[in-house]
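Peer 1: have a look at this prediction, sequence included:
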Amino acid sequence: MTAKKRELSAGVRLLLDLGPLVLFFIANAKFGVFTGTAIFIVGFVVSLLVSLILTRKLSALQLFSGFLVIVMGGLTLWLHNEAFIKIKPTLYYAVVSALLFFGLVTGRPLLRNVLGSAYPGLSKEGWDKLTRNWAFFFLAMALANEAVWRNTTTAQWIVYKLWIALPATFVFALANLPMLIRHGLNTDDAKAEELPPE
């Protein structure tokens, strides 16, 4: 008998998404960026495994994010160069932005394929606008991350990640809600899905 796929509650999903980041910030504050990076890698892999066990699936974006965490985090530790972990968000944002723009230009609903169950009832125009908005947001975040890490200390970059980049993502998601509702979003049936954290 085939195992049935399950959806995670909003609380569990938030814990799995933010848990590795919280561990990174705590470990970095106590032991430095390299220990923080090692714990972040382990935490992210554990998060993916738990998500796979609970839902029987991993999205392409989750796998891509995991790949970047392991590769860029691994290079950070192997070469003892913190620049690699700082570049990782830029790569994630830039690739996701490019994929979303590609989907818009070619008429392929990439975002709807990933987040379809999160936004029941959303019209095609709503999906197009949501895709456009996130594509520009991720492009802006890629440029911002590059500007910050290249012109600040590691400690300042981490402050930016914790107190600016992370809250900005939540604020931007909330800012899209009025538009989504205007384009048919059924908030009663909406499920807890998201773009994975970078």
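Peer 2: Everything's here; your move. Quick caveat, the model's predicted, so the values are computed rather than measured.
Peer 1: in the longest helix seen in the chain, what counts as buried?
Peer 2: In the chain, ranked by residue count with DSSP state H as the criterion, the top helix is helix 124-151. For helix 124-151, burial by neighbour count (16 or more other Cβ atoms under 10 Å) applies to 126-131, 133-135, 137-139, 141-142, 144-146, 148-149. Heads up, the C-betas are built off the backbone N, CA and C, glycines and all.
Peer 1: same check on stretch 156-169?
Peer 2: Those buried within stretch 156-169 under the rule 16+ other Cβ under 10 Å are W157, I158, Y160, K161, L162, A165, L166, T169.
Peer 1: hey, which helix or strand in the protein has the poorest pLDDT?
Peer 2: For the chain, using mean pLDDT, DSSP states H and E, the weakest element among its helices and strands is helix 110-115, scoring a mean of 78.
Peer 1: for that one, name the packing helices and strands.
Peer 2: Other elements packing on helix 110-115 under the criterion 3 or more Cβ pairs under 8 Å, 6 or more residues apart in numbering; DSSP states H and E are helix 83-106, helix 124-151.
Peer 1: what helices and strands are in contact with the first one?
Peer 2: Spelled out, it's helix 83-106. Identification of packing neighbours for helix 83-106 by 3+ Cβ pairs under 8 Å, 6+ apart yields helix 33-55, helix 60-78, helix 110-115, helix 124-151.
Peer 1: adding distance to L174, write those out as a markdown table.
Peer 2: Formatted as a markdown table, the helices and strands packed on helix 83-106 follow (distance: least, Cβ to Cβ, whole Å):
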| stretch | distance to L174 |
| --- | --- |
| helix 33-55 | 23 |
| helix 60-78 | 20 |
| helix 110-115 | 15 |
| helix 124-151 | 12 |
